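A.B. asks: structure here, sequence nowhere to be found:
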């Protein structure tokens, strides 16, 4: 190779970022760091993991590979990481829904998110946007959608990324607060779910901002409301849930990197420091903003406690909206 390996592969990072389920972000050592994404390619977890991989590869001077292992609401990929050697070579892309809601849905899991994993860092906070087909339902506001659901009880359908995912939680909150009924349809990730909304096969979806932004701007989806506390600079015409007449949902749907709890602490500390440097870099934050996501930098020695505390908050919410074992 005639080019400096670090310079060449750093320049390739963004091109490799969106190339598919496997990504080599940087090559320098023989042993790769593997990030397991328990969802299909193209969604917010995939986006967040691939962005983190590009920056971690430079920080660690090490191969970083992203692998998609979708299924069972994230449980298949999570179990894979739980079963992997606790040597620091395998990392999980986790979500607050997997962390807090999945144990309520499937208490028979062989792993416990709070017992078996340690948090390395929060790689993104992603708001959701309530989207519909531009023409099929003939609705322009959230109030229109609620009125339609009341006229057709149980006849509308909504997509999720599986039980415990952010579309599931936000849809459950909407149904409860509005007193309406709709049928949930699970998908393996954001990309197939939003594709079916665009095709008119399912009626609405609280999609991730990172995957719906381009479709909304291109008029392939219509945005009715956003879950963030304020309007998004990328979609300023779309009101918040509170502006649309529903209580503010003070919830940040974060995505984290986690590692086996039995990993030696010097390895954990090294990875936490690398994650923190990555997620606080201007380039990283600019990439998040461009896709409608946000950063959440918490000190390495405090991030796991934050996750444990927020897990309790989300689990309490899950019980309030009557999430039960499936």
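C.D. replies: Happy to help now that I have it. Computed from a predicted structure; not experimentally measured. Numbering: from 1, shown residues only.
A.B. asks: and residue 317, backbone torsions?
C.D. replies: phi -60, psi -40 (degrees, to the nearest 10).
A.B. asks: how about it, what does it touch?
C.D. replies: 169, 251 (Cβ atoms under 8 Å, 6 or more residues apart in numbering). Every C-beta, even on glycine, is put in place using the N, C-alpha and C of the backbone.
A.B. asks: which ones are touching residue 268?
C.D. replies: Residues near residue 268 by Cβ under 8 Å, 6+ apart: 88, 118, 120, 259.
A.B. asks: can you name the helix or strand that it falls in?
C.D. replies: In this assignment (DSSP states H and E), residue 268 forms part of helix 265-279.
A.B. asks: and the top strand by length along the chain, which residues are buried?
C.D. replies: Identified as the longest strand of the chain according to DSSP state E is strand 117-125. By neighbour count on 16 or more other Cβ atoms under 10 Å, the buried set for strand 117-125 is 117, 118, 119, 120, 121, 122, 123, 124, 125.
A.B. asks: that one packs against which elements?
C.D. replies: Applying 3 or more Cβ pairs under 8 Å, 6 or more residues apart in numbering; DSSP states H and E, we find strand 117-125 packed against helix 44-60, strand 90-95, strand 254-260, helix 265-279, helix 303-320.
A.B. asks: could the ones you listed be laid out in JSON lines, adding mean pLDDT and distance to residue 195?
C.D. replies: JSON lines is the format used below for those (pLDDT from 0 to 100; distance: least, Cβ to Cβ, whole Å):
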{"stretch": "helix 44-60", "mean pLDDT": "96", "distance to residue 195": "15"}
{"stretch": "strand 90-95", "mean pLDDT": "97", "distance to residue 195": "21"}
{"stretch": "strand 254-260", "mean pLDDT": "97", "distance to residue 195": "21"}
{"stretch": "helix 265-279", "mean pLDDT": "98", "distance to residue 195": "30"}
{"stretch": "helix 303-320", "mean pLDDT": "92", "distance to residue 195": "28"}
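A.B. asks: out of those, nearest to residue 181?
C.D. replies: Comparing these by their distance to residue 181 (Cβ to Cβ), the top pick is helix 303-320, with 18.1 Å.
A.B. asks: for the closest one, which positions count as buried?
C.D. replies: In terms of neighbour count (16+ other Cβ under 10 Å), helix 303-320 has its buried residues at 303, 304, 306, 307, 310, 311, 314, 315, 317, 318.
A.B. asks: reformat the residues you listed as JSON lines; add distance to residue 31.
C.D. replies: What follows is the buried residues of helix 303-320, written out as JSON lines (distance: Cβ to Cβ, whole Å):
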{"residue": "303", "distance to residue 31": "25"}
{"residue": "304", "distance to residue 31": "25"}
{"residue": "306", "distance to residue 31": "30"}
{"residue": "307", "distance to residue 31": "27"}
{"residue": "310", "distance to residue 31": "32"}
{"residue": "311", "distance to residue 31": "31"}
{"residue": "314", "distance to residue 31": "35"}
{"residue": "315", "distance to residue 31": "36"}
{"residue": "317", "distance to residue 31": "40"}
{"residue": "318", "distance to residue 31": "38"}
